[in-house]
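S.K.: Sequence first, then the predicted structure:
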Amino acid sequence: MQEREVDIAIIGAGSAGLSAWHAARKHSDRVLLIEGGAYGTTCARVGCMPSKLLIAAADSAHHARDAGGFGVRTGPVEVDGRAVMERVQRERDGFVGRVMKTVERLGEDNRLEGHARFEDPHTLVVGDYTRVTARTIVIATGSRGTWPGFFEAAGDRLVVNDAVFEWDDLPESVAVFGPGVIGLELGQALHRLGVRLRVFGVGGALGPFQDEAVRDYADRTFNEEFYVDPDAKVESIERDGDAVVITFLERDTGRRLTERFDYLLAATGRHPNVDRLDLERAGLAIDDKGVPHYNRFTLQCRNADDSPSHIFIAGDANQELPLLHVANTEGRIAGDNAGRFPELRAGTRNVPLAVVFTDPQMATIGASRAELEKQYGGCDCIATGEASFEDQGRAVVMRQNRGLMRLYAEHGSGQFLGAELFGPRVEHMAHLLAWMLEEKPSVSRILEMPFYHPVLEEGLRSALRDLNANLQQGPAITERCMECGPGD
Ligand SMILES: Cc1cc2nc3c(=O)[nH]c(=O)nc-3n(C[C@H](O)[C@H](O)[C@H](O)COP(=O)(O)OP(=O)(O)OC[C@H]3O[C@@H](n4cnc5c(N)ncnc54)[C@H](O)[C@@H]3O)c2cc1C
Ligand SMILES: NC(=O)c1ccc[n+]([C@@H]2O[C@H](COP(=O)([O-])OP(=O)(O)OC[C@H]3O[C@@H](n4cnc5c(N)ncnc54)[C@H](O)[C@@H]3O)[C@@H](O)[C@H]2O)c1
């Protein structure tokens, strides 16, 4: 067994691990980055980037089909599955290549390949041949797709997102389980690229939405385009030859249908990669999901006796909010604190912001209405404002006039607290609202900001005005867009 002694060991060379490495290096030259799988990060290899590449191809097919609505004749739209997948993989390889260059620049001595697990709180065994002793350790091991055992009946036709981006061609049909973020993004993209699709969920959840009105609106909208049953009655999953055979009760009609699919795509959530680390040897306090107890401002873990540990945890591994920008922020804070341990600094945590790249897009900012009700103790302290995109000027111009926004604020102070957005290009409005939320202005102050015309943000202004009226801090909207053109 080869022995190595370093100041800081980082487990996982994903987005959180790489951020941690750069932050830790400001404190020491002896920082070791350990990677047990493929370099390149989940985001670039099998996550954010290839999924957006597939969605971009799908949107292009969709707009070509929709051109007739503008009086532009295109003829039948043909999707060349091989060409679509070739571009997805080529561009994906470009993104991965750029990450690989960063990894190479770290220098060979600062990297180690192999699966790491704890031998004791300061010692990691990496692969079969190396023992690493470190003063502090950052766990940045990410997460992986997870699914219930009965999906296994699909055999090797059961896939997760990783496999989709390796397809040489598009399949004829896919059954997606899980109408969450991954299921809706990939499901809609596959549908728009001509793949026969059914999406099955449990319990009624849809994407990231908690607000029932927004959820129901999104449910109706997606179902006009492809089949999604967020509360599906699936009776059996079987394998027959190359096909996955699924028997289910059809939504609305209750008819029992049996259909064959090329693949079952499991998008039923992700599990933190903390179960193969032998964490019990690290001396940490662990919650019922196997994740160490940690402080979200310092990312420092707690020991089983509740004393502070020299171990930190960042990114998907801690499951706080499994998103790329969160992984980067947490990695930076964890790496910095691992470097300056035992003196720590509380890092700045941003307000929650999530965007789902469906069409219409879905976004959540700040706390949900239900969380706010809990936080404010059901005192009737929360006001809601809403606006639809159905008659919003710019959305009508673009033939993208579907969507609903619901915004929340505190009575009295008038402070904006959160929002759920479903509509065209709401990724941009989500940023504006998140930036506002960081600054904590009142809704009436936000309404003093400039709004151009004609833009989609005028729709957001309508929702803000409705919110302001419900806060009793402004007039109710009796007639829309009186003073500023038909934008609202
Ligand atoms: C399909 C899909 C689409 C997504 N789209 C978006 C998006 O649009 N926007 C967004 O913000 N987020 C998106 N995400 C989420 C985002 O990709 C993740 O939140 C982010 O990549 C997590 O980074 P990480 O560093 O925590 O994990 P990773 O990048 O997964 O890094 C963890 C690393 O640790 C290694 N590792 C694990 N265990 C060990 C061990 N014991 N020893 C050594 N190494 C180990 C792994 O091999 C891996 O390389 C998407 C995710 C998926 C799956
Ligand atoms: N645009 C983005 O930012 C983006 C894109 C993709 C992924 N992500 C990240 O990845 C995380 C994981 O995504 P995900 O979609 O796997 O998880 P998710 O939690 O968003 O969705 C999982 C869905 O599966 C459903 N489900 C659970 N068990 C089921 C079963 N047996 N049958 C049918 N449905 C079932 C759940 O009700 C839920 O709707 C997300 O939370 C997000 O943080 C982000």
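M.R.: Looks like it arrived, so ask away. Ligands and ions are numbered 1, 2, ... in the order given.
S.K.: those strands in the stretch 301-450 of the chain, which residues are they?
M.R.: 308-313, 353-356, 361-366, 382-388, 404-410, 416-423 (DSSP state E, counting those that start in this stretch).
S.K.: out of those strands, nearest to ligand 1?
M.R.: Closest of the strands of the stretch 301-450 of the chain to ligand 1 is strand 353-356, at 7.2 Å (criterion: C-beta to the nearest ligand atom). All C-beta spots, glycine's among them, are computed from the backbone N, C-alpha and C.
S.K.: what's the closest one packed up against?
M.R.: Other elements packing on strand 353-356 under the criterion 3 or more C-beta pairs under 8 Å, 6 or more residues apart in numbering; DSSP states H and E are helix 181-192, strand 361-366, helix 426-439.
S.K.: Spell out which residues of the stretch 201-350 of the chain are next to ligand 1.
M.R.: For the stretch 201-350 of the chain, the residues in contact with ligand 1 (C-beta under 6 Å from any ligand atom) are 273, 276-277, 315-317, 322-325, 327.
S.K.: what sits up against stretch 190-202?
M.R.: Contacts to stretch 190-202, defined as C-beta atoms under 8 Å, 6 or more residues apart in numbering, come from residues 54, 57-59, 61-62, 79, 81, 84, 170-180, 183-184, 187, 225-232, 234, 246, 248, 259, 261.
S.K.: Now go through these and say which are in helices.
M.R.: Mapping those onto helices (DSSP state H) picks out 54, 57-59, 61-62, 81, 84, 183-184, 187, 225.
S.K.: Now, of those residues, which are buried?
M.R.: With burial judged by 16 or more other C-beta atoms under 10 Å, the buried subset of those is 54, 57-59, 61-62, 81, 84, 183-184, 187.
S.K.: picking up where we left off before, point out the most buried one among the strands of the stretch 301-450 of the chain.
M.R.: strand 416-423 (a mean of 28; mean count of other C-beta atoms under 10 Å).
S.K.: before we move on, back to that, make a ChimeraX selection of the buried ones in the residues of the stretch 201-350 of the chain next to ligand 1.
M.R.: Buried residues within these, by 16+ other C-beta under 10 Å, are selected in ChimeraX with:
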select :273,277,315,316,317,322,323,324,327
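S.K.: farthest-separated two in the residues of the stretch 201-350 of the chain next to ligand 1?
M.R.: 276 and 325 (26.3 Å; C-beta to C-beta).
S.K.: Now do the closest residue to ligand 2 within the stretch 151-300 of the chain: how many residues are near it, please.
M.R.: Residue nearest to ligand 2 within the stretch 151-300 of the chain: residue 180 (1.7 Å; C-beta to the nearest ligand atom). Number of residues near residue 180 (other C-beta atoms under 10 Å) recorded here: 20.
S.K.: where does it sit relative to residue 385, distance-wise?
M.R.: Here residue 180 is placed at a distance of 27 Å from residue 385 (C-beta to C-beta, to the nearest Å).
S.K.: Over to residue 130?
M.R.: 58 Å.
S.K.: likewise residue 140?
M.R.: Taking C-beta to C-beta, one finds residue 140 at 39 Å from residue 385.
S.K.: Then residue 47?
M.R.: 34 Å.
S.K.: Run through the helices of the stretch 101-250 of the chain in chain order.
M.R.: Using DSSP state H, counting those that start in this stretch, the helices of the stretch 101-250 of the chain run over residues 161-164, 181-192, 212-225.
S.K.: which of those is buried the deepest?
M.R.: The most buried one of these (mean count of other C-beta under 10 Å) is helix 181-192, showing a mean of 25.
S.K.: Check the offset of that one from the chain's centre.
M.R.: Distance, stretch centre to chain centre, for helix 181-192: 13 Å (C-alpha atoms, centre = their mean, to the nearest Å).
S.K.: rewinding a little: would TSV of the helices of the stretch 101-250 of the chain with mean pLDDT be doable?
M.R.: Shown next, in TSV, are the helices of the stretch 101-250 of the chain (pLDDT from 0 to 100):
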stretch	mean pLDDT
helix 161-164	96
helix 181-192	98
helix 212-225	98
